[in-house]
Structure formats: C-alpha cells, structure tokens
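Colleague: Have a look at this prediction, sequence included:
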Amino acid sequence: MRKPAERPPSNPVVQNFLKQPIYSTAQISPTGKYLAITVDRGDQDVLTVLRTSDLKPLNINVLPDKKSVGTFYWTSAERLLFNAAKKIGSFERPRGTGEWFAVNADGSIPRTLIEYGTLGTTQRGKEVGNEIFSLLDTLPGDDTNVLMTSTYMRSNSGSGTEVVIMDTISGRRKSLTRAPADNCSIALDSAKQPAFAVCSSSKDESNGYDSHTTVYRRGYDGKWTQISSSKSGDGRLRVLGSSAKGAIYAVKDDGKHPAAFGLLDAETGKFTELFRDPVSDISGFIGSVDDSEQIIAVTTEAGAPQVSLVDEEHPDTALYLSLANAFPGQFVNFSSSTSDGKKIVVSVRSDRNPGELYLYDRDTGKARFLMKSRPWIDPYKMGAMKSFSFKASDGRIIHAYLTIPKDSDGKNLPLIVNVHGGPMGPRDNWGYDNEAQMFASRGYATLQINYRGSGGFGKEFQDLAYGQWATGIMDDIIDGTRHVIEQGWADKERVCIYGGSFGGYASLMAPVRAPDMFKCAFGYVGLYDAQIQLTKSDTSQSESGKRYLYRAFGKTRAEQDAMSPINFVDKLKLPIYLAAGARDARCPPEHTEAMAKALEVAGNKPEGVIIQAGEEHGFYKEENNLNLYTQMLQFFDRHIGGQARVGPPTRVD
C-alpha cells in the first residue's frame, strides 16, 4: 500500500479554487473621483463604478443577453468606454462580440457606439459589417473623441487596418488613414497621430509557416515608407509607441536571442538597445504615472519576475522602488493613476497572493487598502512556488516552477506534473496558480516546465517546438521530472501527469516515452490524433492554420502518425482519465472519444471519461469544474495519494 500524501490541516474546499476573482480589472478615473472595476457574476461580468472615497457603488452596467463587459477605459473624468464579450472555455480568452458602448460614471448618457445587425435609419452610422474595432488611444485632453483601429478581412489569410476617430457620444467615425499592407498594428507618435505600422506575415519563403514583420513610417504627407523588414535580416521589430517627449519605444528580436527593448529613430529606422536579458524576453513594462508616458522599467520572467530600471532619473522611479520595497517577495505594479499622477492604484501579487489593490496618495505618502481579488484565499495557507532550471538531455537549459505544499519539508512528495498548453507561445509564469494551489492543499507538489517552444525565451527557443512534439518537448518534460526526483523533492513512486490542450497531449505522450515514470495520467481537452486535428479543428479551417499544423506535425502521414499518442495505446499501461468539452472547436471531442475507444480495445479502458455538454476548450461553469476536479483529485488520490476532500462552498459576504 502506498503511503498517503501528507496533507496540511483544514485544507480549503475545492470550490475555493474554482471561483472567479471578484474583480479582473480596476481603473481609477482621471480626477480620482471614481474607481471602475469589472465584477464576475457567474455567466457574465458587469462594470461597476465605485466612489473612491468610500468604495460605495454608484452605478452597475449590465449588458443584455448574458454578455460580459470586456475591456474598459476612462475617456474623460466622467465617461467610460467598453466592449462586450462572451465567456468561453478556460483555455481561451473571452470572445469579443465586436460591440462597443459608452456611459457616464453615474449611468447617464448611455450609448451604443458600434453594433452588428440591422439598425434604424438614425442609427446606421453605428452599424458595421465584418470590421473588428479596437481602442488605440483615449486622447487625454479630448473628452469626446477616441482613436480606434478597424480591422477587416481582405482574404482568408489577410486583413486590412484603418484608423478612425470616434465620437463617444454620437458614435460618428471619421477615417484618418489606412495601413499600407495586410495584418498591421498601428503605433502613434507623441502628437497622437498614426505614425508606424507593424505588419506581420505567417509565410516563409517556401510558403511554409513562420512569423515575419515589416515596419512602415507614415510621413507628414500621409504616405507610408518601409523602414524595416525581418525578411531582409533587420530582425522582428515591434513599435510600442511614443512618450510625450518624442522618444519612440520599440522591441527588437533578432530571431536568435531574447528580444531587446530600446529606442527607434523614426527617420532612419535605427534601433538603439537600452536593455536585453540573455535568457528571458521582456514580459512587461512599468510606465510613469505622470503625463510623460515614459517607460521607467521592464520586467523579465525566466523565473520569478525581475524588474530592471531603464530610466533611473524619472521621479516615478524612486516612488516605484519605495512601493516595491514595502511588499517584499511580491510583484508590485502601477495599475492606473489619475491624470496628475497624485493618486495611484497599485497592484500587489505573489505566488501565494492572488492579488490585491492599494490606493497610494502622493500628497500624504500613504497607501490605503482597497480590495482583494479572491478574499476567500488565505495567502498564509498557500504553498510556495520555487523557480529553478535544469539541463535537458541535449544540454539546453530549461526553466521550471515547483509549488510545494504549505508546512511541508519539500522532500519526497507525491508529484503532479502539470504541462501547459500551446506548445508554441504560451508558458507557465510565477504567481498564484489555482490548480497548483489546489493540488498543494491536498499534499501534492506541482511541477510546471517551460519546455522548448514555450513563449518568453526568444523566437529560436519557441521555434524548437516545431516537429518536436513527441521528441524534444517530451524529453524536456521527462528530464525535468527526473531532475525533481533526483533532487529529493518528489517520490519517484508517486508521480502523475496532467495537462490541458497540448498538456493533454503530453499527458498521454510522455508515458509512451517514459512508461515507468508516471503512475497515472489525466488528459484534459487534449489532442491525440493528428488526422482529427488536421480535418476537424478550427485551426485547420484557415490557410495559415493549416500551414502551422503541417510545420508542427510534419507534412507526411508517417510523421503525423509518429507524433500521435493514439497510435501508441499498446504502450500505455498506466491508469488514464480523459475529459473534454462537447463544443470544443480547438481540440474537438472526437480526440477524446477516439482515444478512449482505442485504449479500451488495447485492454486499458480509461477509469473515466467526461464529455461535458455546453463546454468548449476548457470548462468555465463552476459546477462543471467542480465535477472535473473532484474526479481528478480522487483519481490522483487512488494512485499516488489519499482521499480528496470536497465540501460546501465557503460563503463570502
């Protein structure tokens, strides 16, 4: 009999890790009079406006038809602009509906600015066809207008971009310029004029799949001139925007090393490097809170977030350092501020703290607590996440995280290897993680590996994933698991593997490669058969998506079969559990159904199969997640631990 997992006393109920945060975004108004937050109400998010003085609600904006408020912005001291979204699976972002709205803080003058469908004669100026609108700038100082980009399809692989100025009262729009090529993003100069277009392509020279950028500068005459192209060896350039003093910020990637941050000369296209990390891409920026719009620091995340100053002389730099020092061991950022920079909403988070907000008053020098994102989570009862690196079998350095249960000595623990999705682009990050903390509360350590292909370590590292799903990536996962065992952190007799999307794929492919390492495997919304993905997934429905899949899987049937776990069920002798969303378009449920059938024919029928009605690429509804994780924890407990504890939700008033 296996030794049961050691578990901390009074571990939280499962539901505490499944509930959505109270707020997802918070923005203070330009004068500091109001605080706007998006609040989760289950099926939809609403936009709540609070009085900053006492946090009493002033107005709650609820959209019809269960639509959620997506992103929102203060466009003046009294007015908000926001768009609508529909909540979908947990492995996808909320899907925007394309609609935009505006309203005053007190709920007056509500307006629909952009809508799809047939409208009356007086409203047809707000009606759009296949365009998708995004906010480009709120135009501080202009209380009526904002700049938007309109993206519209021109082919099955290309879209055009137009910059428009929009009145947030009437919804009237006026075109300012069109991008010079397909698939472009626009950056402004210090005068808030469209100045740069960064246009991307996913075709390589042989019509395969790769990413390239071309940068254009817009002259005073409105004409566009090319100043950089990655196809010509200039590197991939991304223009971030301009400070009020005219500095043009950009990020440049040479295709080999992590991207650098620096300044761009608008006339010559010359890039002057200010910062580059040898291991990690830049993951974020810390901007000044005054009206200079300057970047004062950058963050990188090979492990825990590291802040590097790029403007030590700016007065906001000293303020940031002071606030960061007030919260040791946590990541501090400026969330939003008043237009004069005197009141600043400060966000604080860590591996154990899901996030909280403070309001700093520059005149008094004091920070006032505002709210917690998940007040039912006690950070002092959460496990710690350690970052580490190891050498893979081919000598490459791979970075990873290990979450250790609270009050554990961190030795000889039952281990869950939790593989993130992707594989190209997404990554695991240091910070509070619902799944890792749920597992930790049951006595399990959780390993998260940023295997080759993960984002955040440069294009060359990301490109290593192509053609390496079943080989190089699996080697990284197996090598990382072996490293944790060799360090004495995990018990080699109590290791299970789990993941969603590509992580679901890896949960069944890694045991094929290392049949004695894992005692059980749980595949969630996974991809198991290249042929199903090449014909039934939403990725396969576009020309660029097909090119991506062929580069990822290989162009020949032999290559595709060799990376598909469904063809190796005879090697999968361990206990397996599968789960999928019945409406999943990214990794269709046919994957899970076919894998379950193949395992049964091979004599290893899965212990359970969930095909959840109404869910997509990752479950969203709390009751469906409760069933999923209850079954998952009980599955892990049967094979490497004890008993999962499930109880009534904790009430939060």
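Modeller: Structure received.

Colleague: can you pull the pLDDT of Gly117?
Modeller: With respect to pLDDT, Gly117 scores 57.

Colleague: With Ser155 instead?
Modeller: 70.

Colleague: Distance of it relative to Phe636?
Modeller: 48 Å (C-beta to C-beta, to the nearest Å). No exception for glycine: its C-beta is placed from N, CA and C like everyone else's.

Colleague: who's more crowded, these two?
Modeller: More crowded of Ser155 and Phe636, by other C-beta atoms under 10 Å: Phe636, with 25 against 9.

Colleague: For that one, identify the helix or strand it belongs to.
Modeller: Assigned by DSSP states H and E, Phe636 belongs to helix 622-640.

Colleague: Isn't Ile282 up against Ala297?
Modeller: No: with contact defined as C-beta atoms under 8 Å, Ile282 does not reach Ala297; the gap is 10.3 Å.

Colleague: which one of these two has more residues nearby?
Modeller: Ala297 (24 against 19).

Colleague: Does the more buried one belong to a helix, a strand or coil?
Modeller: Three-state assignment for Ala297 (DSSP: H, G, I helix; E, B strand; the rest coil): strand.

Colleague: Can you check the pLDDT for it?
Modeller: pLDDT, read off for Ala297, is 98.

Colleague: Not counting its neighbours along the chain, what's nearest it?
Modeller: In space, and not counting its chain neighbours, Ala297 is closest to Ile286: 4.1 Å by C-beta to C-beta, 6 or more residues apart in numbering.

Colleague: Below-threshold pLDDT in the chain: ranges please.
Modeller: Where the chain drops to pLDDT under 70, the residues are 1-11, 90-94, 117-129, 156-157, 207, 642-653.

Colleague: Next, Glu593: secondary structure please.
Modeller: Going by three-state DSSP: Glu593 is helix.

Colleague: pretty sure it contacts Ile610?
Modeller: No: contact between Glu593 and Ile610 fails when scored by C-beta under 8 Å: they sit 11.4 Å apart.

Colleague: So which of the two has more stuff around it?
Modeller: Neighbour count, other C-beta under 10 Å: between Glu593 and Ile610, Ile610 has more, with 21 against 16.

Colleague: Count the neighbours of the residue lying closest to that one once chain neighbours are set aside for me.
Modeller: Of all residues not flanking Ile610 in the chain, Ala579 sits nearest, at 4.0 Å (C-beta to C-beta, 6+ apart). Ala579 is flanked by 26 other residues according to other C-beta under 10 Å.

Colleague: and Ala579, how far is that from Phe439?
Modeller: Where Phe439 is concerned, Ala579 sits at a distance of 16 Å (C-beta to C-beta).

Colleague: cool, and His212?
Modeller: 40 Å.

Colleague: can you tell me the helix or strand for the residue nearest to Ile610?
Modeller: Here Ala579 is assigned to strand 576-581, by DSSP H and E.

Colleague: pretty sure Asp529 is touching Met563, no?
Modeller: No: applying C-beta under 8 Å, one finds Asp529 not in contact with Met563, separated by 10.1 Å.

Colleague: residue boundaries of the strands in the stretch 301-450 of the chain?
Modeller: 306-309, 331-337, 343-349, 356-361, 366-372, 384-391, 397-404, 413-419, 445-450 (DSSP state E, counting those that start in this stretch).

Colleague: swap that for the stretch 501-650 of the chain, sorry
Modeller: Under DSSP E, counting those that start in this stretch, the stretch 501-650 of the chain gives strands at 520-524, 576-581, 608-612.

Colleague: okay, the angle between the last one and strand 576-581?
Modeller: With axes from the mean of the first three to the mean of the last three C-alpha atoms, to 10 degrees as the criterion, the two stretches strand 608-612 and strand 576-581 enclose an angle of 0 degrees.

Colleague: Send me strand 608-612 as PDB with only the CA atoms.
Modeller: Only the C-alpha atoms of strand 608-612 are listed here, as PDB (Å, rounded to 0.1, in the frame of the first residue of the first chain):
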ATOM      1  CA  GLY A 608     -13.400   7.700 -16.500                       C
ATOM      2  CA  VAL A 609     -14.300   9.800 -19.500                       C
ATOM      3  CA  ILE A 610     -16.100  13.200 -19.200                       C
ATOM      4  CA  ILE A 611     -17.500  14.800 -22.400                       C
ATOM      5  CA  GLN A 612     -19.100  17.900 -20.800                       C
END
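
Colleague: circling back: please enumerate the shared neighbours of Glu593 and Ile610.
Modeller: Common neighbours of Glu593 and Ile610 are listed as Ala580 (criterion: C-beta atoms under 8 Å, 6 or more residues apart in numbering).

Colleague: quick one: Lys621 from Gly255, how far?
Modeller: Computed as C-beta to C-beta, the Lys621 to Gly255 distance reads 42 Å.

Colleague: related to what we said a few turns ago, before we move on, what SS does the residue nearest to Ala297 have?
Modeller: strand.

Colleague: hang on, it packs against Val307?
Modeller: Yes: if you go by C-beta under 8 Å, Ile286 and Val307 touch, sitting 6.9 Å apart.

Colleague: give me every residue that touches Val419.
Modeller: Val419 neighbours (C-beta under 8 Å, 6+ apart): Gln448, Ile449, Tyr451, Ile477, Ile497, Tyr498, Gly499, Phe502, Gly503, Ala506, Ser507, Ala510.

Colleague: before we move on, back to that, what number of residues lie near the residue nearest to Ala297?
Modeller: Around Ile286 there are 22 other residues, counting by other C-beta under 10 Å.

Colleague: Run through the residues that contact it.
Modeller: With contact taken as C-beta under 8 Å, 6+ apart, Ile286 is in contact with Ile295, Ile296, Ala297, Val298, Thr299, Val307, Tyr320, Asn333, Phe334.

Colleague: Recalculate using a threshold of 7 Å.
Modeller: Taking C-beta atoms under 7 Å, 6 or more residues apart in numbering, we find Ile286 in contact with Ile296, Ala297, Val307, Tyr320, Asn333, Phe334.

Colleague: Could you give the bridge partners of the last one?
Modeller: Under the criterion DSSP bridges, Phe334 forms beta bridges with Val346.

Colleague: likewise the third one?
Modeller: Per DSSP bridges, the residues bridged to Val307 are Thr299.

Colleague: Give me the neighbour count for it.
Modeller: 17.

Colleague: Let me know whether it touches Glu301 as I believe.
Modeller: No: Val307 sits out of contact with Glu301 when judged by C-beta atoms under 7 Å, with a separation of 10.5 Å.

Colleague: quick one on the thing from earlier: now the contacts of Ile286 as TSV including distance to Ile88?
Modeller: Below are the contacts of Ile286 laid out as TSV (distance: C-beta to C-beta, whole Å):
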residue	distance to Ile88
Ile296	36
Ala297	34
Val307	33
Tyr320	36
Asn333	27
Phe334	30
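
Colleague: I'm done for today, thanks for sticking with me.
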